[in-house]
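S.K.: Got a predicted structure plus its sequence, pasted below:
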Amino acid sequence: MTVFRSNLGTKIPQPFFFNNNFLKTHVNLLVSFHNRNYPKSRNPILCLPKSDKKTHQMEKNSNWVAIESDPGEKYAEELEIAVKAVHVACLLCQKVQEKLIFNGDEDVQAKDDNSPVTIADWSVQATVSWILSQAFGAQNVSIVAEEDIEALSKSNAISLLSSVVKTVNDSLSAASTFGIEPPVTALETAEVLEAISRCNSAGGPTGRFWVLDPVDGTLGFVRGDQYAIALALVENGEVVLGVLGCPNYPMNKEWLNYQNGYRRILSRLTKSSSESWDGKGCVLYATRGSKKAWMQPLVSGDKGWVWPNSARPIKVSAIDNPVLATFCEPVEKANSSHSFTQGLAHSVGLRNQPLRVYSMVKYAAIARGDAEIFMKFARAGYKEKIWDHAAGVVIIQEAGGVVTDAGGRPLDFSKGIYLQGLDRGIIACAGSSLHEKIMRAVDASWNSSSL
Ligand SMILES: Nc1ncnc2c1ncn2[C@@H]1O[C@H](COP(=O)(O)OS(=O)(=O)O)[C@@H](OP(=O)(O)O)[C@H]1O
Ligand SMILES: [Mg+2]
Ligand SMILES: [Mg+2]
Ligand SMILES: [Mg+2]
């Protein structure tokens, strides 16, 4: 137990959590308080009870209490802006995906590594970057994100760039329904490019930076299937807040199970009014240490939006028997070894078919309790990027799950844009007992595998 002493040696009771209401009614004065023995991630402060009016004599007052900000309260402002920004981004993506399904491949670009990128990726990055900068001041906002402006700056990309600028302005002008003040005049091309390229932080072990994957699972996105918008905040190397927007993953879990593609189901349902289709998707979020994770339906923003609009708590599944568990993994064999996970699934008695889903929707599925295990074993030499995992990891952990590498170590978000030192692959489970079983099975299968 940590015992605090005031500078006059008065013993201070153990810290307790407070919320803003408590502060308003009970507290007269707050003083930042630093103690070497106190976990850095917390924010201990001293307060003087309201009953004591002699605030100037605080050193002599023996009634000081040490209080610890509730982590959910500590990042309340950042969380609110992040959730709003992700809602705006989800709506942007839904519109672009609709058009893309109609126009086909002509709207999809290929990056140098042949992976797809669309106007949604750049537009979301610009929009979220702009919203964060407006809210916290551009000089205070550092962002690590996936996209850059290289392809957009080429002379043959004029029409692509103007589509991005239009998409960003359309989505920002609709953002007022989330209480986000839109720009006074539409953003110029240069401002949009600047918003994208500002997201060039290299991350690292100290300070605070945002981590953004504007469209995760772009392949799923262009195929009219699942994708996610992932935004996290990292402080001193630790993910302290995560928001995952899943525009094609409604509150009902059945929607994950269409193994032959979500697109066909989507088009069938939009034609038919007999089946109920809320089509809204969901937004998940959590703050480190709160032991709570939340889900809200993706709101269209046309009704008065009140934070935290209809959020409900989510929990991981209680299943710890692999025989009853469902595991999910990337759709593409190139991104994770299906043969290795197949052998492993067999060895632990997993009976259910793997759920192959694009994007961090897999993390969302574990956090919501819709599946129990997520495994990703990329080919040797592939370096996982922090934006593909940060938001999902904190949401699963706060929903009660466990996420580590295959050596049982937590994922390290403090080493720049890559998850350096990752042992073999990533294993996320609904609970520690299931996690241990899967880890043992990975160890047992690893040496005989060709990975
Ligand atoms: N070769 C290779 N191996 C492993 N991972 C890779 C690889 N190439 C890309 N990526 C990253 O995987 C992100 C998509 O992951 P998914 O789990 O959605 O994969 S899948 O599309 O379902 O197969 C994808 O994220 P997005 O680019 O945001 O879509 C990539 O960052
Ligand atoms: Mg990604
Ligand atoms: Mg991406
Ligand atoms: Mg990509």
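M.R.: The structure has been received and is ready for your questions. Ligands and ions are numbered 1, 2, ... in the order given.
S.K.: what sits against the residue nearest the centre of the chain?
M.R.: Central residue of the chain (C-alpha atoms, centre = their mean): Ala391, 2.4 Å from the mean position. Taking C-beta atoms under 8 Å, 6 or more residues apart in numbering, we find Ala391 in contact with 211, 213, 230-232, 239, 242-244, 360, 363. All C-beta atoms are positioned from the backbone trio N, CA, C, and that covers glycine.
S.K.: same thing with Ala367?
M.R.: 284, 286, 293, 314, 316, 392, 395-396, 399, 401.
S.K.: give me that answer again for 10 Å
M.R.: By C-beta atoms under 10 Å, 6 or more residues apart in numbering, the contact set of Ala367 is 242, 244, 284, 286, 293-295, 314-317, 374, 392-401, 428, 430.
S.K.: The residues you listed, buried ones only, as a PyMOL selection?
M.R.: Applying 16 or more other C-beta atoms under 10 Å to those, the buried members can be selected in PyMOL as follows:
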select buried, resi 242+244+284+286+293+294+295+314+316+317+374+392+393+394+395+396+397+398+399+400+401+428+430
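S.K.: Cross the contacts of Ala367 against strands and list the overlap.
M.R.: Using DSSP state E, the subset of those located in strands is 242, 244, 284, 286, 293-295, 314, 374, 428.
S.K.: Find the closest residue to ligand 2 in the stretch 101-250 of the chain.
M.R.: Asp216 (3.6 Å; C-beta to the ion).
S.K.: I meant the stretch 351-451 of the chain, not that one.
M.R.: Residue nearest to ligand 2 within the stretch 351-451 of the chain (C-beta to the ion): Asp388, separated by 4.2 Å.
S.K.: That residue contacts Ile426, doesn't it?
M.R.: Yes: Asp388 lies in contact with Ile426 (C-beta atoms under 10 Å); the separation is 9.4 Å.
S.K.: hey, what's in contact with both of these two?
M.R.: Common neighbours of Asp388 and Ile426 (C-beta under 10 Å, 6+ apart) are 363, 376, 419.
S.K.: Now render these as JSON lines, adding secondary structure and neighbour count.
M.R.: Shown next, in JSON lines, are those (DSSP: H, G, I helix; E, B strand; the rest coil; neighbours: other C-beta atoms under 10 Å):
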{"residue": "Tyr363", "secondary structure": "helix", "neighbour count": "31"}
{"residue": "Lys376", "secondary structure": "strand", "neighbour count": "22"}
{"residue": "Leu419", "secondary structure": "coil", "neighbour count": "21"}
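S.K.: Okay, the nearest residue to Pro322 once chain neighbours are set aside and Gly104: tell me how far apart.
M.R.: Once flanking residues are discounted, Pro322 sits nearest to Val348: 4.1 Å by C-beta to C-beta, 6 or more residues apart in numbering. With distances taken as C-beta to C-beta, to the nearest Å, Val348 is found 41 Å from Gly104.
S.K.: now do Asp225
M.R.: 15 Å.
S.K.: Next: Ala378.
M.R.: 29 Å.
S.K.: Compare the two (neighbour count), which wins?
M.R.: Between Ala378 and Gly104, counted using other C-beta atoms under 10 Å, Ala378 has the larger neighbour count: 18 against 9.
S.K.: Surely that one is in contact with Ile426?
M.R.: Yes: between Ala378 and Ile426 there is a contact at 8.7 Å, judged by C-beta under 10 Å.
S.K.: Please enumerate the shared neighbours of the two.
M.R.: Common neighbours of Ala378 and Ile426 (C-beta under 10 Å, 6+ apart) are 336, 384.
S.K.: so what's Gly425 up against?
M.R.: Gly425 neighbours (C-beta under 10 Å, 6+ apart): 329, 336-337, 340-341, 375-378, 384, 405-407, 442, 446, 451.
S.K.: how about the residue nearest to it when sequence neighbours are not counted, what does it touch?
M.R.: Counting by C-beta to C-beta, 6+ apart, Phe377 is the residue found nearest to Gly425 once chain neighbours are left out, at 3.6 Å. For Phe377, the contacting residues are 329-330, 335-341, 344, 406, 424-427, 442, 446, 449, 451, by C-beta under 10 Å, 6+ apart.
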